[in-house]
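Trainee: Next one to model:
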Amino acid sequence: MTPPARISLCTVSMNRLFTLKETLPGNIACSRRFPNTEIILLDYNSSDGLESWVKENCLQYIEEGILSFYRIIDPLPRYFSHAHSRNIAFRLATGNIICNVNADYHVGDNILGYVSNELPVNDPLALIADLNGADRDNIGRICLRTADFHTVGGFDESFKGYGYEDIDLSLRLKMSGVHLKYLPNTFFNNYVSHDDIRRFENSYDYHHLQRAFVRKIDPGTSSVLFLYKDGKIEAGTLIKAEDHFPSIQEGGWRKGHWNSIGNHIHIEEVGEETRTFLEDHSHNVPQLVHGEEIYREVIRSEDWNDILLRKSIIGNYQMMKNRRKSGNCRANEEGFGKGIVMKNFCEIIELK
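Mentor: Numbering: from 1, shown residues only. This next block holds a predicted model:
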């Protein structure tokens, strides 16, 4: 006998109260019209008053069993992990169908009705966004069976920063034999828009990167240099791949250290001799000069945000391509979504 479908809408938030105030009330109202639906909301160590807001505005829905509110208490992440936070929320879900609902998503009756009708509990099927028809804010939409999520080991927690952990999950589901079906485009564009900076303002790079420099080598190739506040560096050569997406040259990001003395910056990459760059401020944009190598500093805020976003996406994109080559559909061999959370302000739950 086929068990009834129970849908868990999973939302994680790290300082996303500004969007949840717009989306959560409507998502709760929608869920109330579908009896076998719950909302899982995970506070991933927010500092914007999310817990207090939920306590003041959502106790009724917690008592009704529509909303379950969790707050991570161990570890206390300083930076946001899309994969780890979602893995925790998905593991806490009680439904046999789980859906990722970003904090800026609006869920409508048409979406829940479609998922209820189109996603059979007994068949290996996942509903995902069509990459060719969705913009960046919709790519994270995915609904799948809880059993299939556990089979592939959840979201890969080795993915850092922003981008591709959701596409990688879809890839691994397909590799494991799960059929993928695109969600209708009519479900898209129903979200709270925001600046790109919101995507990575809780990341390590956003808080620790001090300066960034770019050197154009040819129309399709650039060398980039990131100087961190702790004296570390990352450097790499970016190339335009066949799919027109920037990719890092084989070998990935090169590591090292830097220090500044007067108007000179000394850079030592691992396994390489120290190079000394002259810091030239005679142009509109500061430059680092070493022989014929000339790096221009990234100054404009929009360029700074763009390069931070690209850095994050490029690294995860490379890992996803490596996954495709490996043929391994399972991630997180040592387990995933581990931590200790408090449920509804009172109950402690440990996820091992």
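
Trainee: outside of the helix or strand harbouring T276, which residues touch it?
Mentor: Using DSSP states H and E, T276 sits in strand 275-280. Residues outside strand 275-280 that contact it (C-beta atoms under 8 Å, 6 or more residues apart in numbering): 260, 263-268, 286-290, 293, 295. Just so you know, the C-beta spots here come from the backbone N, C-alpha and C atoms, and that holds for glycine as well.

Trainee: Next secondary structure after that strand?
Mentor: Next along from strand 275-280, by DSSP H and E: strand 287-290.

Trainee: now for the strand or helix carrying N110, which elements pack on it?
Mentor: Assigned by DSSP H and E, N110 belongs to helix 109-118. With contacts defined as 3 or more C-beta pairs under 8 Å, 6 or more residues apart in numbering; DSSP states H and E, helix 109-118 has these neighbours: strand 7-13, helix 17-32, strand 125-128.

Trainee: will you turn the ones you listed into CSV that also has mean pLDDT, distance to C58 and mean neighbour count?
Mentor: Output for the helices and strands packed on helix 109-118, formatted as CSV (pLDDT from 0 to 100; distance: least, C-beta to C-beta, whole Å; neighbours: other C-beta atoms under 10 Å):
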stretch, mean pLDDT, distance to C58, mean neighbour count
strand 7-13, 98, 12, 25
helix 17-32, 96, 7, 18
strand 125-128, 96, 27, 20
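
Trainee: could those be laid out in JSON lines, adding distance to F159?
Mentor: Shown next, in JSON lines, are the helices and strands packed on helix 109-118 (distance: least, C-beta to C-beta, whole Å):
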{"stretch": "strand 7-13", "distance to F159": "15"}
{"stretch": "helix 17-32", "distance to F159": "22"}
{"stretch": "strand 125-128", "distance to F159": "17"}
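
Trainee: Select, out of the ones you listed, the one closest to S282.
Mentor: Among those, the nearest to S282 by C-beta to C-beta is helix 17-32 (42.4 Å).

Trainee: just the angle between the helix or strand just after the closest one and helix 17-32, please?
Mentor: Counting by DSSP H and E, the element after helix 17-32 in chain order, helix or strand, is strand 37-43. Angle between the axes of strand 37-43 and helix 17-32 is 160 degrees (criterion: axes from the mean of the first three to the mean of the last three C-alpha atoms, to 10 degrees).

Trainee: got a list of contacts for strand 37-43?
Mentor: Taking C-beta under 8 Å, 6+ apart as the rule, strand 37-43 contacts 6-14, 20, 24, 27-28, 31, 50-51, 54, 61, 65-72, 85, 88-89, 92-95, 101, 112, 341.

Trainee: chain center to it, what's the gap?
Mentor: Averaging C-alpha positions (C-alpha atoms, centre = their mean, to the nearest Å) puts strand 37-43 18 Å from its chain's average.

Trainee: Could you tell me which of the contacts of strand 275-280 count as buried?
Mentor: In terms of neighbour count (16 or more other C-beta atoms under 10 Å), the buried residues within these are I265, I267, P286, Q287, L288, Y295.

Trainee: Show me where the stretch 101-250 of the chain dips below the pLDDT cut-off.
Mentor: Across the stretch 101-250 of the chain, the ranges flagged by pLDDT under 70 are 133-138, 186-189, 194, 196, 241-246, 250.

Trainee: All the strands of it, residue numbers only.
Mentor: Assigned by DSSP state E, counting those that start in this stretch, the stretch 101-250 of the chain shows strands spanning 125-128, 142-145, 179-182, 209-218, 221-228, 232-240, 246-248.

Trainee: Buried deepest among these, which one?
Mentor: Scoring the strands of the stretch 101-250 of the chain by mean neighbour count under mean count of other C-beta atoms under 10 Å gives strand 142-145 as the most buried, with a mean of 24.

Trainee: Show me the contact partners of that one.
Mentor: Strand 142-145 has contacts (C-beta under 8 Å, 6+ apart) with 7, 96-100, 115, 119, 121, 124-129, 166, 169-170, 173, 178, 183.

Trainee: Neighbouring strands - and their directions - for it?
Mentor: Paired strands of strand 142-145, with direction, are strand 97-100 (antiparallel), strand 125-128 (antiparallel) (DSSP bridges).

Trainee: how far does that strand sit from the chain's center?
Mentor: That offset, for strand 142-145, works out to 17 Å (C-alpha atoms, centre = their mean).

Trainee: mind saving the C-alpha coords of that strand as CSV?
Mentor: Taking Å, rounded to 0.1, in the frame of the first residue of the first chain, the C-alpha atoms of strand 142-145 are listed here in CSV:
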residue,chain,number,x,y,z
ILE,A,142,14.3,21.2,-5.7
CYS,A,143,11.8,18.6,-4.4
LEU,A,144,12.7,15.0,-3.9
ARG,A,145,12.0,11.9,-1.9
